[in-house]
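*Asks:* need coordinates for the below:
(one chain, ligands or ions: 3)
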Amino acid sequence: MLDEQSRIIRELGVAESFDAESEADRRTAFLEDYVRASSMRALVLGISGGVDSLTAGMLAQRAVLRLRERGCDAEFIAVRLPYGVQADEADARRSLDVIGPDRTVTVDIKPAADAMMAEVRREADDLVSGERMHFHLGNIKARQRMIAQYAIAGGARGLVIGTDHAAEALMGFFTKFGDGAADVVPLAGLNKRRVRALARHLGAPEDLVFKVPTADLESDAPLKPDEDVYGVTYDEIDDFLEGRRIGQDALQRILSAFRTTAHKRALPAPPSA
Ligand SMILES: Nc1ncnc2c1ncn2[C@@H]1O[C@H](COP(=O)(O)OP(=O)(O)OC[C@H]2O[C@@H]([n+]3cccc(C(=O)O)c3)[C@H](O)[C@@H]2O)[C@@H](O)[C@H]1O
Ligand SMILES: Nc1ncnc2c1ncn2[C@@H]1O[C@H](COP(=O)(O)OP(=O)(O)OP(=O)(O)O)[C@@H](O)[C@H]1O
Ligand SMILES: [Mg+2]
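*Replies:* Residues are numbered from 1 along each chain as shown. Ligands and ions are numbered 1, 2, ... in the order given. A predicted model of the protein is given here:
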């Protein structure tokens, strides 16, 4: 294995081996312990219809059930955050059925996201319009979702769950301070196939487990697969994270994505001392 590959694997906390049952238990216990230790009373998570939020939601609901069995006051609040009408709304609803959250809150982020974009365009249209307009609006959507989840967490004495995992962290494929903002990240250190294995172990239906991953942020390209953006497959990313050898082209794309997104995995940069 390349030195850089093994350094990245260590930095992202990817374990050499993986057992779905023990990982499900360990990650549920992490959420339970964290809620108790922080004296908070809720877990809050956006449910999109994708496998990451389905898996994290199942862990969260499991954690609060166990907390209540132990006499603690805790609930899981699932948050639907569509931008208007979402193309895969049916998958989001099925995810909610599978998770069985204590409470579901739906917030349409379209009015706020559109209003923000309109205000920015009023003074700085040259900066955010043109062919990248939908890309910029996509990042505004991700940040509106963060705002809604923190508003709910603030009111519920809750913690916001993030679904970041090693495959997305490797590629820097998240919006800084958007979906990248969270209090706890129970899927940290997992590559995508391990997230799927966890979901399957927890009893998620196969079609949701193996659904094509999508950020679904660009209004002009609904449900665009993440892999089309990366130019590499999740299998290649997952193999890389498991220390396997992958093709030169994929390797170079992955290393380049990792290097240019270092700032997204770090705290804001201060002046040197
Ligand atoms: N070297 C540096 N040091 C410190 N900060 C630096 C920097 N370079 C850029 N920046 C800052 O970072 C900003 C760019 O980062 P950011 O705003 O995140 O934007 P960016 O990385 O350009 O876009 C986010 C990407 O993540 C994808 N995404 C987003 C949300 C969810 C998902 C998903 O999978 O569900 C995927 C989205 O499709 C898009 O490809 C710059 O505008 C600048 O403010
Ligand atoms: N429409 C949405 N409604 C609610 N939450 C959302 C929505 N879109 C994104 N999110 C939140 O942002 C997170 C990041 O999105 P991301 O696409 O990486 O994960 P996912 O949709 O759960 O799984 P996948 O990556 O397989 O599509 C989601 O896990 C979810 O918490
Ligand atoms: Mg998604």
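*Asks:* which strands and helices lie in contact with the lengthiest helix in the chain?
*Replies:* For the chain, the longest helix by residue count, based on DSSP state H, is helix 133-156. Using 3 or more Cβ pairs under 8 Å, 6 or more residues apart in numbering; DSSP states H and E, the elements in contact with helix 133-156 are strand 42-46, strand 75-80, helix 110-128, strand 158-160. Backbone N, C-alpha and C define where each C-beta goes, glycine included.
*Asks:* just name the most buried of these.
*Replies:* With neighbours taken as mean count of other Cβ atoms under 10 Å, the helices and strands packed on helix 133-156 reach their highest mean count in strand 42-46, at a mean of 28.
*Asks:* the helix or strand that that strand is followed by vs strand 75-80, what angle?
*Replies:* Using DSSP states H and E, the helix or strand that follows strand 42-46 towards the C-terminus is helix 51-69. Using axes from the mean of the first three to the mean of the last three Cα atoms, to 10 degrees, the inter-axis angle of helix 51-69 relative to strand 75-80 is 160 degrees.
*Asks:* give the rounded mean pLDDT of helix 51-69.
*Replies:* Mean pLDDT, computed over helix 51-69, is 98.
*Asks:* any residue of it touching ligand 2?
*Replies:* Yes - Helix 51-69 reaches ligand 2 (Cβ under 6 Å from any ligand atom) through 51-53.
*Asks:* which ChimeraX command selects the buried ones in those?
*Replies:* Applying 16 or more other Cβ atoms under 10 Å to those leaves a buried subset, and the ChimeraX line that selects it is:
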select :51,52,53
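*Asks:* tabulate the residues of helix 51-69 next to ligand 2 in TSV, adding columns for distance to ligand 1.
*Replies:* What follows is those, written out as TSV (distance: Cβ to the nearest ligand atom, whole Å):
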residue	distance to ligand 1
51	11
52	8
53	9
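*Asks:* could you give me the buried positions within stretch 151-165?
*Replies:* Under 16+ other Cβ under 10 Å, the buried positions of stretch 151-165 are 152-153, 156, 158-165.
*Asks:* just the pLDDT for residue 242.
*Replies:* Note on residue 242: pLDDT of 98.
*Asks:* for it, what are its contacts?
*Replies:* Taking Cβ atoms under 8 Å, 6 or more residues apart in numbering as the criterion, residue 242 is in contact with 14, 191.
*Asks:* and which of the residues of helix 51-69 next to ligand 2 is nearest to residue 269?
*Replies:* Relative to residue 269, the closest of the residues of helix 51-69 next to ligand 2 is residue 52; by Cβ to Cβ it sits at 27.8 Å.
*Asks:* with adjacent residues omitted, what lies nearest to the closest one?
*Replies:* Once flanking residues are discounted, residue 52 sits nearest to residue 163: 3.9 Å by Cβ to Cβ, 6 or more residues apart in numbering.
*Asks:* likewise for residue 93?
*Replies:* Using Cβ to Cβ, 6+ apart, the nearest residue to residue 93 is residue 49, at 8.0 Å.
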